[in-house]
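Asker: Structural data only, the sequence is not supplied:
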């Protein structure tokens, strides 16, 4: 069986995430505490009580800590790893390409940089459901202020850019048959509006001592696996201001014969998309997010 571990990004956070695991599992608690100890913010307050979880500088390390600690509990490796946006850092950490504690500091800073990249209220992100990427791009036309930011699945795409431009073009997408909804985010992530922010973040990435690829890990920037250490910093920096090619990655994994997908993180965002894509096919899709789902997954592994 060919297995892929998937790690969700910002937006997957849930109130109280990890609290049951922290209280019941020593491995989870040890890894979580090792991350919490190096940050100037309280991850326990963020994850368990929802404190400051409207800010990316809290959300990103909170999801990262939960995902990395959960992975440690599984005591299992995969053939392939991939993470959506922020989740890419979880994938780098669990495979040893990025030190876990340095990674926590990095995503904490990443969240703050992304939140402050564009003045509040200027930018936004709009989810477009029901159209393929070509239809989305045709509807966007030559708009200089909006871009396709997240290509999540065949007909689930997020566009982002200037808030006023998004509000003006929203009716056109609905006339084309799409369902649209504005996302509760602080800015137009994964667009050229964050180009300057990505350059600032690149300087931090250079100091993070990221190792050469030790496993097959897919890049959001290219939709393909990392190959050379020299490319990683620039690709991670570009990820912040470029389209996330998650759909391309999933299609590649399916074509390469992956027959077990395991989402490791606080919700079921990625596994739900895969279940819609692979409905009726004999492929295992699991979500490990809390104590109950962890125990279910571990029991399932024993039966194999």
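Answerer: Thanks, I have it. Note that this is a predicted model, so its numbers are computed, not measured.
Asker: When you work out contacts or count neighbours from here on, use the C-alpha atoms and nothing else.
Answerer: Noted.
Asker: This structure: strands as residue ranges?
Answerer: 3-7, 80-83, 123-129, 146-153, 156-162, 179-182, 216-217, 260-264, 284-288 (DSSP state E).
Asker: List just the one of those that sits closest to residue 272.
Answerer: Closest of those to residue 272 is strand 284-288, at 8.8 Å (criterion: C-alpha to C-alpha).
Asker: Which elements pack onto that closest one?
Answerer: Taking 3 or more C-alpha pairs under 8 Å, 6 or more residues apart in numbering; DSSP states H and E as contact, the helices and strands that strand 284-288 lies on are strand 260-264, helix 269-277, helix 291-302.
Asker: just checking, which of these sits deepest inside the structure?
Answerer: For these, the largest average neighbour count (mean count of other C-alpha atoms under 10 Å) is found in strand 260-264, namely a mean of 23.
Asker: pretty sure residue 139 contacts residue 173?
Answerer: Yes - between residue 139 and residue 173 there is a contact at 6.9 Å, judged by C-alpha atoms under 8 Å.
Asker: So those two - more neighbours on which side?
Answerer: More crowded of residue 139 and residue 173, by other C-alpha atoms under 10 Å: residue 173, with 19 against 16.
Asker: Report the mean confidence score over stretch 128-135.
Answerer: In this model, stretch 128-135 carries a mean pLDDT of 98.
Asker: How far does it sit from its chain's centre?
Answerer: 21 Å (C-alpha atoms, centre = their mean, to the nearest Å).
Asker: repeat for stretch 251-269
Answerer: 13 Å.
Asker: do the same with stretch 271-283
Answerer: For stretch 271-283 - counting by C-alpha atoms, centre = their mean - the centre lies 19 Å from the chain centre.
Asker: Mean confidence (pLDDT) on it, please.
Answerer: Across stretch 271-283, the average pLDDT comes to 95.
Asker: Numbering from 41 from now on, please.
Answerer: Fine by me, first position is 41 from now on; the one you just mentioned is stretch 311-323.
Asker: And for that stretch, what's in contact with it?
Answerer: Contact partners of stretch 311-323, identified using C-alpha atoms under 8 Å, 6 or more residues apart in numbering, comprise 193, 299-303, 325-327.
Asker: Kindly recompute the last result at 7 Å.
Answerer: Identification of contacts with stretch 311-323 by C-alpha atoms under 7 Å, 6 or more residues apart in numbering yields 299-300, 303, 325-327.
Asker: Next: stretch 125-139.
Answerer: The contact list for stretch 125-139 (C-alpha under 7 Å, 6+ apart) reads 47-50, 100, 104, 107-108, 121-123, 140, 143, 250-255, 260, 284.
Asker: Same check on stretch 115-122?
Answerer: Contacts for stretch 115-122 (C-alpha under 7 Å, 6+ apart): 42-47, 128, 131, 256-258.
Asker: Quick one: mean pLDDT for the longest helix along the chain?
Answerer: If you go by DSSP state H, the chain has its longest helix at helix 96-114. Computed over helix 96-114, the mean pLDDT rounds to 97.
Asker: now that helix against strand 43-47, angle please.
Answerer: Helix 96-114 and strand 43-47 are oriented at 150 degrees to each other (axes from the mean of the first three to the mean of the last three C-alpha atoms, to 10 degrees).
Asker: if we can go back for a sec, narrow the contacts of stretch 125-139 to just the buried residues.
Answerer: The neighbour count (16 or more other C-alpha atoms under 10 Å) marks 47-50, 100, 104, 107-108, 121-123, 140, 143, 250-253, 255, 260, 284 as buried among these.
Asker: From the chain's centroid, how far away is stretch 202-218?
Answerer: That offset, for stretch 202-218, works out to 25 Å (C-alpha atoms, centre = their mean).
Asker: quick one: average pLDDT of that stretch?
Answerer: pLDDT averaged over stretch 202-218 gives 97.
Asker: before we move on, what about stretch 246-262?
Answerer: So the average pLDDT for stretch 246-262 ends up being 93.
Asker: Contacts only, for residue 275.
Answerer: Taking C-alpha under 7 Å, 6+ apart, we find residue 275 in contact with residue 261.
Asker: For residue 137, see how far away it is.
Answerer: Residue 275 sits 14 Å away from residue 137, going by C-alpha to C-alpha, to the nearest Å.
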